[in-house]
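Asks: fold the stuff below for me.
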Amino acid sequence: MTEKTLTEYYEQIWLPVKKSSLKLSSYTRLEQIVYCNILPTLGDEILQSITPMTIIKFMQIVAEKYSFSTAKKIYQTLNSCFKYAIDTNDITINPMTIIPVPQKNKYPPAQRMSVLTVKEISIMKKTITEKSGKSKIDYIAGWAFYIMLNTGLRPGELLALTWADIQGDYIYINKNIVTVKDSEINKYITIVQQTPKTASSERRIFMNNNVRLALKEIRSFPIEKYIISFNGSFLTPNYFRKLWYRFIKYSGIKKRNLYSLRHTFASLMFSQDCDIKSISYIMGHSSVRTTYDIYIHLFEKNYRETNLLDNII
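Replies: Modelled structure (predicted):
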């Protein structure tokens, strides 16, 4: 049986095992859960001595501090570690066996996704097309935002696009820009991950005329490898977000995060009665259920429209 603390076990045993089987971006996210959400509270506990009551009290704290999605990741990370310790005979009892999985209905409802109004989209288009007085990067970024609005691409997917990914009428999504931890220098760096976020994220998206126009405008500058380029290289997600906040401040649009463009795209697709399976594919979601869970509020009007049956039944 091990006498290691939870910190020692994570660092010396479990994390190295996980690192060998995960993509670097996934491993970085896992490390963040371990070091930011678990070890500050449980790190000094001896692994073998951790009891179910210890975990129950900890998960109560988690429920008060974090969202459902974060609580679920914390639970899964703890559960995986203790299961591994049981399988390798490092502990005799798994305290997680009686700990229930966090239930979504016991957490506050997630905040609804913010989307742009029709008026804001009109303002956005007007601002994007204004070239005078703008720097090259601000002008290119404006059209990049327009591409997001018309495709629903994730920022990392958009920033990883090269001109070789434009083939015929389609954009091919097959890689992603991510921030990962470089263990050799102990710093976070931004890289192009030659795989998308998930297997279902690898897809092709039809280019509408708005996307074609955006690409034409970007092509008016010297062609670089990456479509959204700065000084010969891709933009980092952090810098891209800064450009977005600069853009909305300049245009007078209500402040909201960059992902609002992706959510606006989905909302517009739903408003045009596009079927949920097609939207799920375009968005690169792992399942239709994921799409439904994220955008369930868009279906609320259907719940209210059951009165239509009054004229039928």
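
Asks: what about residue 70, neighbour count?
Replies: Other residues lying near residue 70 total 16 when counted by other Cβ atoms under 10 Å. The way it works is simple: take the backbone N, C-alpha and C, and place the C-beta from them, glycine included.

Asks: right, I mislabeled it, should have said residue 148
Replies: Neighbours of residue 148 (other Cβ under 10 Å): 24.

Asks: and it, what's its pLDDT?
Replies: Residue 148 carries a pLDDT value of 96.

Asks: please, which helix or strand holds it?
Replies: helix 136-151 (DSSP states H and E).

Asks: what are the ranges of the strands in the stretch 51-200 of the chain?
Replies: 166-167, 170-173, 176-182, 187-193 (DSSP state E, counting those that start in this stretch).

Asks: ok, which of those strands comes nearest residue 258?
Replies: Shortest distance between residue 258 and the strands of the stretch 51-200 of the chain, using Cβ to Cβ, is found for strand 176-182: 13.3 Å.

Asks: could you list the buried residues of that closest one?
Replies: Neighbour-count burial for strand 176-182 flags 176, 177, 178, 180, 181 (criterion: 16 or more other Cβ atoms under 10 Å).

Asks: same thing with stretch 8-16?
Replies: By neighbour count with 16+ other Cβ under 10 Å, stretch 8-16 contains the buried residues 9, 10, 11, 13, 14, 15.

Asks: could you double-check that the second one sits in contact with residue 37?
Replies: In other words, residue 10. No - counting by Cβ atoms under 8 Å, residue 10 stays clear of residue 37, with 12.0 Å between them.

Asks: any idea of the mean pLDDT in stretch 107-120?
Replies: If you average the pLDDT over stretch 107-120, you get 82.

Asks: next one: stretch 294-301
Replies: Mean predicted confidence for stretch 294-301 is 66.

Asks: quote the end-to-end distance of stretch 209-225.
Replies: This stretch, stretch 209-225, spans 23 Å end to end (Cα to Cα, to the nearest Å).

Asks: which residues sit against it?
Replies: Residues outside stretch 209-225 that contact it (Cβ atoms under 8 Å, 6 or more residues apart in numbering): 136, 139-140, 143-144, 146-147, 149-151, 162-163, 166, 171, 207, 227-228, 232.

Asks: how does it look with 6 Å?
Replies: Under the contact criterion Cβ atoms under 6 Å, 6 or more residues apart in numbering, stretch 209-225 has outside partners 140, 143, 146, 147, 150, 162, 232.

Asks: return the distance of the closest residue to the first one other than its chain neighbours relative to residue 61.
Replies: Meaning residue 140. Closest residue to residue 140 apart from its sequence neighbours, by Cβ to Cβ, 6 or more residues apart in numbering: residue 218 at 5.6 Å. Distance, residue 218 to residue 61, using Cβ to Cβ, to the nearest Å: 48 Å.

Asks: check residue 272 too.
Replies: For residue 272, the distance to residue 61 (Cβ to Cβ) stands at 45 Å.

Asks: the more surrounded of these two?
Replies: Legend: neighbour count by other Cβ under 10 Å for residue 272 and residue 61, higher for residue 61 (10 against 7).

Asks: next, the buried residues of stretch 72-80.
Replies: 72, 73, 74, 75, 77, 78, 79.

Asks: ignore the last one, stretch 92-101
Replies: For stretch 92-101, by 16+ other Cβ under 10 Å, it's 94, 95, 96, 99.

Asks: now tabulate the residues you listed in a markdown table and tack on pLDDT and distance to residue 56.
Replies: Below are the buried residues of stretch 92-101 laid out as a markdown table (pLDDT from 0 to 100; distance: Cβ to Cβ, whole Å):
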| residue | pLDDT | distance to residue 56 |
| --- | --- | --- |
| 94 | 95 | 14 |
| 95 | 95 | 9 |
| 96 | 96 | 10 |
| 99 | 95 | 7 |
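
Asks: quick check, nearest of those residues to residue 251?
Replies: Scanning those for proximity to residue 251, where the rule is Cβ to Cβ, the winner is residue 99, at 48.5 Å.

Asks: give me the phi and psi for the closest one.
Replies: Here the main-chain torsion angles of residue 99 (degrees, to the nearest 10) amount to phi -90, psi 120.

Asks: give me the neighbour count for the nearest residue to it once chain neighbours are set aside.
Replies: Distances taken as Cβ to Cβ, 6+ apart place residue 55 nearest to residue 99, at 5.1 Å, with adjacent residues excluded. Close neighbours of residue 55, defined as other Cβ under 10 Å, add up to 21.
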